[in-house]
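> With the input below, show me the fold.
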Amino acid sequence: MQTDYLIDHRGAKVPTKNIRPADVVRHEFACKAVELAIEQRDALAEFKKKQIAEFDSFIDLLRQEYGANLGGKKGNVTLRSFDHKHKVVLQVQESIELGPELLIAKEFITDCLNEWSEGANENLKAVIEQTFATNRQGRVSVQRVLGLRRLNINDESGKWERAMAIIADAIEVVDSRRFIRFYTTEGEREVPVSLDIAKL
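Predicted structure coming up:
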């Protein structure tokens, strides 16, 4: 509905008779499009909430029937239709941070490097410094640090194993989010049902 004036980006009232018709149409389109987008966003949020609730209800039904905790502690579960043409996946993604114990772990690791290299190879130290380097927010890359735990290193002093144990103790779960994803079969392929408007 067109009014006698529009509010510009400085908050001033500008009479529509002083605005180009194309600018008025552009304004109306942008406002309506964003309004509809917000409605769709809210509808998707409600859809997600409802589907997860129904998913949980089904899992509770199975628990009652079998007395089992389907999916384990994290709750990652896949449900398929009887004909296997449709699939629903519920996943839990945890966001983790590393606590102050990390500083102690770094000291043990540095001791290991000093003993192994005997001060001859600074490249090893540079790799570790990069692993423990912080970003602009002052945070260490969790992925890089946890990657150290996957290395198969035999250290007779036991310092490396101690450092890896300390890193494990430093892990703190700060957030946990649940995702629900949908898949269907098209021909011979299983494809995700995209709810991302940018991918449609």
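> tell me the mean pLDDT for the helix or strand hosting residue 103?
Using DSSP states H and E, residue 103 falls within helix 101-117. Over the span of helix 101-117, the pLDDT mean works out to 81.
> can you count the residues close to residue 135?
8 (other C-beta atoms under 10 Å). All C-beta atoms are positioned from the backbone trio N, CA, C, and that covers glycine.
> where in the chain is pLDDT low?
1-2, 68-75, 117-125, 127, 137 (pLDDT under 70).
> sorry, back to before: name the residues of the helix holding residue 103 that are buried.
101-102, 105-106, 108-113 (16 or more other C-beta atoms under 10 Å).
> What strand or helix carries the residue nearest the centre of the chain?
Among the residues of the chain, the one closest to the centroid is residue 93, at 6.4 Å (C-alpha atoms, centre = their mean). Take DSSP H and E as the rule and residue 93 turns out to sit in strand 86-98.
> Quick one: distance of the longest strand anywhere in the chain to the chain centre.
What stands out as the longest strand in the chain, according to DSSP state E, is strand 171-186. Relative to its chain's centre, strand 171-186 lies at 8 Å (C-alpha atoms, centre = their mean, to the nearest Å).
> just stretch 178-193 next, same as before
20 Å.
> same question, stretch 23-42
29 Å.
> Same question for stretch 18-35.
36 Å.
> and what of stretch 95-102?
That offset, for stretch 95-102, works out to 17 Å (C-alpha atoms, centre = their mean).
> Tell me where this structure has strands.
Counting by DSSP E, the strands of the chain are 5-7, 13-15, 77-80, 86-98, 171-186, 189-192.
> In JSON lines, list those along with distance to residue 55.
Converted to JSON lines, those look like this (distance: least, C-beta to C-beta, whole Å):
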{"stretch": "strand 5-7", "distance to residue 55": "44"}
{"stretch": "strand 13-15", "distance to residue 55": "50"}
{"stretch": "strand 77-80", "distance to residue 55": "7"}
{"stretch": "strand 86-98", "distance to residue 55": "5"}
{"stretch": "strand 171-186", "distance to residue 55": "7"}
{"stretch": "strand 189-192", "distance to residue 55": "17"}
